[in-house]
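Novice: Below are the sequence and a predicted model; questions follow.
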Amino acid sequence: MANSAARTSALYDVHPSVVMVQKWIAELKPKTGRSLEEWIGLVKTSGPKESHARRAWLGSKYNLGSNSARWIAERAEGKGEEEDNPEKYLAAAVKYVREQYAGKKAALRPLYEQLLSLGKSLGPDVRACPCKTMVPLYREHVFAQIKPTTNSRIDLGLSLTSYGGKLPKLLLDTGGLAKKDRITYRIEVTSSKQIDGELKKWLRAAYDLGG
C-alpha cells in the first residue's frame, strides 16, 4: 500500500501556492510583529472559539488581510499544514483526487487517468497540482484543469485567452474571459472515445500558449 501511494504521489507536483504560503510565514513576524506560532497562541487564548468569528476578529482588531486571517484561524484549529509543507501537500494531493472520484463519481476515474496521462505527456515541464475539487495542469501558468463536474462527466478546462483563431463548437465558453480567469473554455468528456485527436489538438494548443 505504501509503495502504491508513493507511485501515485509521484504523478503530482507541489502546488505553487505552497511556496507562497512559506513566504507568508517567513514574512509574518517582520510585517506584523508576531510569528505564526505567536498568532496561533493569541487566537487560542484571546480570540473567539468559532472559525468564522476568529477570521473576522483577526481582520477587524488586527487589520489582517482575509488570507492571513484564514490561514491563522485554520492553524489554530490544527488544519492547513499541507499548505506550506511539500511532503504533506503531496500526501493531501493523493487524498484530494481519491475523494474527487469517490462514490458515484468512481466510474470517472479511468477517464481522469487518461486525461492526466495525456496532459503530462505534452512535455517534461507539465506539473499536475491537485486541489480539493479539480486537478490543474501548469507550465509557467495554469493551461488546463481536469474537473469531475457531474457523476457522469469530466470537464477539461483550457486556457485559450490569447488564441487568435476560430474556435469550434466543441469548446464551450466558461465565461473566463469576462471574469479574467485563466480557464476560458471547456470540453465535456463522458467517454474515452471523446479523448480523440480533436481534444488532443486543443489541449496541445493550451499547452503551447501556457509556456
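Specialist: That came in fine, so what should we check first?
Novice: Neighbouring strands of the longest strand seen in the chain in the sheet, and parallel or not?
Specialist: For the chain, the longest strand by residue count, based on DSSP state E, is strand 142-148. Sheet pairing here is set by DSSP bridges, and for strand 142-148 it gives strand 135-138 (antiparallel), strand 154-158 (antiparallel).
Novice: does the residue nearest to Ile195 when sequence neighbours are not counted count as helix, strand or coil?
Specialist: Leaving aside its sequence neighbours, Ile195 sits nearest to Gln114 (Cβ to Cβ, 6 or more residues apart in numbering; 5.4 Å). Glycine gets a C-beta too; all of them are placed from N, C-alpha and C. Following DSSP: H, G, I helix; E, B strand; the rest coil, Gln114 is assigned to helix.
Novice: and the lengthiest helix in the chain, what does it pack onto?
Specialist: Ranked by number of residues, the top helix in the chain under DSSP state H is helix 16-32. The helices and strands touching helix 16-32, judged by 3 or more Cβ pairs under 8 Å, 6 or more residues apart in numbering; DSSP states H and E, are helix 36-46, helix 66-76.
Novice: Determine which of those approaches Val14 most closely.
Specialist: For Val14, the closest of those is helix 66-76, at 17.3 Å, according to Cβ to Cβ.
Novice: Mind listing what's buried along the closest one?
Specialist: For helix 66-76, the neighbour count (16 or more other Cβ atoms under 10 Å) marks Ser68, Ala69, Arg70, Trp71, Ile72, Ala73, Glu74, Arg75, Ala76 as buried.
Novice: what's the answer for stretch 169-186, then?
Specialist: Buried residues in stretch 169-186, counted by 16+ other Cβ under 10 Å: Leu171, Thr174, Gly176, Arg182, Ile183, Thr184, Tyr185, Arg186.
Novice: now stretch 122-137, how far from the chain's geometric center?
Specialist: The chain centroid and the centroid of stretch 122-137 are separated by 8 Å under Cα atoms, centre = their mean, to the nearest Å.
Novice: what's Lys104 in contact with, if anything?
Specialist: Counting by Cβ atoms under 8 Å, 6 or more residues apart in numbering, Lys104 touches Asn151.
Novice: Let me fix that, I meant to ask about Leu115.
Specialist: Leu115 neighbours (Cβ under 8 Å, 6+ apart): Ile146, Ile154, Leu156, Val189, Ile195.
Novice: cutoff 6 Å now
Specialist: By Cβ atoms under 6 Å, 6 or more residues apart in numbering, the contact list for Leu115 reads Ile146.
Novice: Begin at 400 from now on, thanks
Specialist: That works, and once the first residue is 400, the last one we named lands at Leu514.
Novice: Check the secondary structure at the most centrally placed residue in the chain for me.
Specialist: Taking Cα atoms, centre = their mean, the centroid of the chain lies closest to Cys530, which sits 3.3 Å from it. What three-state DSSP gives for Cys530 is coil.
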